[in-house]
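>>> Model the following, please.
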Amino acid sequence: MKKRIFFIVVCCLFLFSCTKTLHKEEFVFYAMDTTVSVSFYDVENAQEHAKEIENIFLKYHRISDMYQETGEVYLLNRNRQIEASADFVKLLEFSLEMQRETNGYFNPLIGGLSEKWKAALKEKRALSDEEVQNEVRIYNESSIEIRGNEVFLSGDALLDLGGVAKGYATQKANEYLESQKITSVLLNAGRSNIVLKEKGTEEFRVGLNQVFSDGYFRILKMKNISLATSSIKEQYENIDGRIYSHLLNPKTGYPSTTMDSVSVFGADSGKLDAYSTAMFAMSLDEAIRFAEERNLWWIATKEDRILYESEEVKTYETD
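You can find the predicted model right below:
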């Protein structure tokens, strides 16, 4: 399925035009449950490049979709053992690496718990402590083993790569652009991942949206950088005066509450996607230490106020 409209607001981002007039070609497609747009500026054979990028996203959509019956995540969850493609093995290895690096704050085995929380929130209710602790026990007692091209899922947990697959695909698309020496482009992978190269030789202006109201809490001017965002903006419920969202803390099994949004800036969209997911679940002190150890630039909000902003981000603020 393809959509031919440009989805310009991406959860906590809004991209503003620069002043110089360039020949712009924009291509839009639907993959990984979001609208992806690629804008080229004075780039030859733009349509061919856009098709290559679309194929990358569609490939990782097929691999990582929990509900697509031919997808490898679906088959592994159902059969507990599969002969996997090389691309799936690499994505899974990367996910397990991110789990280790984030000390479990990114956990690819929380699929069962995530599904239960989504279903409960649709019914405007919270899960009981018993339901939560049962799911936590399940994924803590489960594991993944990779032997060559064979993948084994032990225990009763469900694999869910939603916290990393889109960023991983975005990084692969970025690597394709770099291999083609394409430097004047904007890749907007929907609600959580974006690659800013250059608009000609100019920067882009990026507005970071407030979560609970219209407007932006920061407008940044930047280029040649990637960012990933985790935010509750479009998926939360207020139940008995408490905010619940789809973003979970794997340590507790409950929706994370320290932040309402976190945006992380860097070079590798795959890592940034996992980092933003993990940092959202951390305490503020843990997130600060985690970012400092990796020289990450980041900004977080709570109740539409800036909770934390690294000094590097401030240097990109517009007047």
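>>> which residues of the stretch 201-319 of the chain score low on pLDDT?
Residue ranges of the stretch 201-319 of the chain with pLDDT under 70: 319.
>>> Can you list the residue ranges for helices in it?
269-281, 284-293, 311-314 (DSSP state H, counting those that start in this stretch).
>>> most tightly surrounded among those?
Mean neighbour counts were compared across the helices of the stretch 201-319 of the chain using mean count of other C-beta atoms under 10 Å; the top stretch is helix 269-281, at a mean of 28. The C-beta positions use only the backbone N, C-alpha and C, and glycine is treated the same way.
>>> Export the helices of the stretch 201-319 of the chain as JSON lines, with columns for distance to residue 147.
Formatted as JSON lines, the helices of the stretch 201-319 of the chain follow (distance: least, C-beta to C-beta, whole Å):
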{"stretch": "helix 269-281", "distance to residue 147": "23"}
{"stretch": "helix 284-293", "distance to residue 147": "31"}
{"stretch": "helix 311-314", "distance to residue 147": "42"}
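>>> in the stretch 1-150 of the chain, which spans are helices?
Using DSSP H, counting those that start in this stretch, helices in the stretch 1-150 of the chain cover 46-64, 72-79, 86-101, 111-122, 129-140.
>>> ok now do residue 92, which residues does it touch?
Listed by C-beta atoms under 8 Å, 6 or more residues apart in numbering, the contact set of residue 92 reads 84, 108, 144, 146, 151, 161.
>>> Correction: the previous question concerned residue 312.
Counting by C-beta under 8 Å, 6+ apart, residue 312 makes contact with 265, 297.
>>> circling back: how about the helices of the stretch 1-150 of the chain in TSV, adding mean pLDDT?
What follows is the helices of the stretch 1-150 of the chain, written out as TSV (pLDDT from 0 to 100):
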stretch	mean pLDDT
helix 46-64	97
helix 72-79	97
helix 86-101	98
helix 111-122	96
helix 129-140	98
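>>> What separation do you get for the spatially closest residue to residue 182 that is not a sequence neighbour and residue 176?
Take residue 182 and drop its neighbours on the chain: the residue closest to it by C-beta to C-beta, 6 or more residues apart in numbering is residue 43, 5.8 Å away. With distances taken as C-beta to C-beta, to the nearest Å, residue 43 is found 13 Å from residue 176.
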